[in-house]
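J.: Any chance you can model this:
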Amino acid sequence: MTVHHPTPAPNTAVSAETASADMSQGEARTPRRVLRILLWHVHGSWTTAFVHGGHTCLLPATPDRGPDGRGRARTWDWPRNAVDTPWERIRGSEPDLVILQRPHELALAERLLGRTLGRDVPAVYVEHNTPRDDVPVTRHPMADRDDIPVVHVTHFNDLFWDCGRAPTRVIEHGVPDPGYRYTGETARTGVVLNEPLRRWRFTGTDLLPTLAERVPIDLFGMGVAGVPDHFGLPPSRLRAHEDLPQGAMHDQLARRRAYAHPLRWTSLGLSLIEAMMLGLPVAVLGTTEAHEAVPPEAGTVSTDPRVLAEALHAFHEDRDLAFRTGTAARAAALRRYGLTRFLDDWDRVLQEVTS
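T.: Have a look, this model is predicted:
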């Protein structure tokens, strides 16, 4: 069964300051029935939202804090119900549910638990990514079984993945409200990309020079330090800010005049939603789920990078326009991607799967 969430009707008559704030980071709620959930810390932003649901989240932890043992986040504010769980203690942890996020986790979880997922222990597979390879006929790793539901984070992914026999649902992202912080005092455009040189066309890294011709850019994220030299662009056109803590990055972004989101092939970058919640006006490459996330009053969505560059230039030239658009962007993001809605959706699925 596929569950779709309707898009709320636009309502731009909400000021940035008075827009109803959602749950903020660090506050975990108390669910009706607290579950013990085994899940790996794979995507920091998504996991941050999920652990705020108040369930006991058992996070595999290894001494090297590698990809299969990151445990609790070191630079994010997570509530106490997110618990480091060494590998050797997983077998006796008795989870009510396992959340899978990568194909190899199915065999790994069964080995560590000594139990079969879908039969001995309920499981859900969260698909964070757009399909690769032979799109749109890419088969999902869970496509041949009907005992592990697949939960997509966007309707686009639900449409493009071939999930075969697997039941599917859509639970759109939820983001802790960072609060309205926009000042726009720095006449530069913010961009957030992780590993942009390695991911290249996926992240739209190749589009940065086109944008930088019209507006100076400040690039934030992991692995961004070498990007200006790669393009031969001076700091006046492109500056890199390597791997700032989330709170510091939000403060820096809020000072920028506008936000650009050039990603080509991604489910929906949470940095875009965060920028909108901060109150920045946005210019977004119109691929995958972008048109759903950004209504017309909140910014510009286009598949033409030159259109995005001109929109950013307009925000730089007209601060009133930038403030009005950013106010609408914040209201739109809070309506659709608030943390409370996300946790409500997940509670329904968790209770259903474990009942």
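
J.: Contacts only, for residue 317.
T.: Applying Cβ atoms under 8 Å, 6 or more residues apart in numbering to residue 317 gives no contacts. C-beta coordinates here come from the backbone N, C-alpha and C atoms, glycine included.

J.: and the gap between it and residue 311?
T.: Distance, residue 317 to residue 311, using Cβ to Cβ, to the nearest Å: 11 Å.

J.: My impression was that residue 59 belongs to a strand - is that right?
T.: Yes - residue state for residue 59 (DSSP: H, G, I helix; E, B strand; the rest coil) corresponds to a strand.

J.: Contacts only, for the residue most central in space within the chain.
T.: By Cα atoms, centre = their mean, the mean C-alpha position of the chain lies nearest to residue 270, the distance being 3.1 Å. Applying Cβ under 8 Å, 6+ apart to residue 270 gives the contacts 45, 46, 173, 175.

J.: what number of residues lie near the first one?
T.: Summarising burial for residue 45: neighbours were counted as other Cβ atoms under 10 Å, giving 18.

J.: in the longest helix along the chain, what's buried?
T.: When the chain is parsed with DSSP state H, its longest helix is helix 319-337. Buried positions in helix 319-337, judged by neighbour count with 16 or more other Cβ atoms under 10 Å: 322-323, 325-337.

J.: do stretch 175-182 as well
T.: 175, 176, 177, 178, 180, 181, 182.

J.: can I get the CA coordinates of stretch 223-231 in CSV?
T.: Extracted as CSV, the C-alpha positions of stretch 223-231 are listed here (Å, rounded to 0.1, in the frame of the first residue of the first chain):
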residue,chain,number,x,y,z
GLY,A,223,35.2,18.0,1.3
VAL,A,224,34.7,21.5,-0.2
ALA,A,225,38.1,23.0,0.4
GLY,A,226,39.6,22.1,-3.0
VAL,A,227,36.6,23.3,-5.1
PRO,A,228,37.7,26.9,-5.7
ASP,A,229,41.1,25.8,-6.9
HIS,A,230,39.6,23.1,-9.1
PHE,A,231,37.7,25.8,-11.0
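
J.: can you tell me the average pLDDT over it?
T.: Mean per-residue pLDDT for stretch 223-231: 97.

J.: swap in stretch 243-256?
T.: Stretch 243-256 comes out at a mean pLDDT of 94.

J.: before we move on, back to that, okay, the buried residues of stretch 175-182 in a markdown table with pLDDT, distance to residue 130 and secondary structure next?
T.: Putting the buried residues of stretch 175-182 into a markdown table (pLDDT from 0 to 100; distance: Cβ to Cβ, whole Å; DSSP: H, G, I helix; E, B strand; the rest coil) gives the following:
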| residue | pLDDT | distance to residue 130 | secondary structure |
| --- | --- | --- | --- |
| 175 | 94 | 19 | strand |
| 176 | 91 | 24 | coil |
| 177 | 94 | 26 | coil |
| 178 | 94 | 25 | coil |
| 180 | 98 | 31 | coil |
| 181 | 98 | 30 | coil |
| 182 | 99 | 30 | coil |
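
J.: Let me know the closest of those to residue 143.
T.: residue 175 (29.4 Å; Cβ to Cβ).

J.: Pull the contacting residues for the closest one.
T.: Here residue 175 is in contact with 45, 49, 270, 273, 274, 277, 333, 337, 338, 339, 342 (Cβ under 8 Å, 6+ apart).

J.: what about it, distance to residue 218?
T.: 21 Å.
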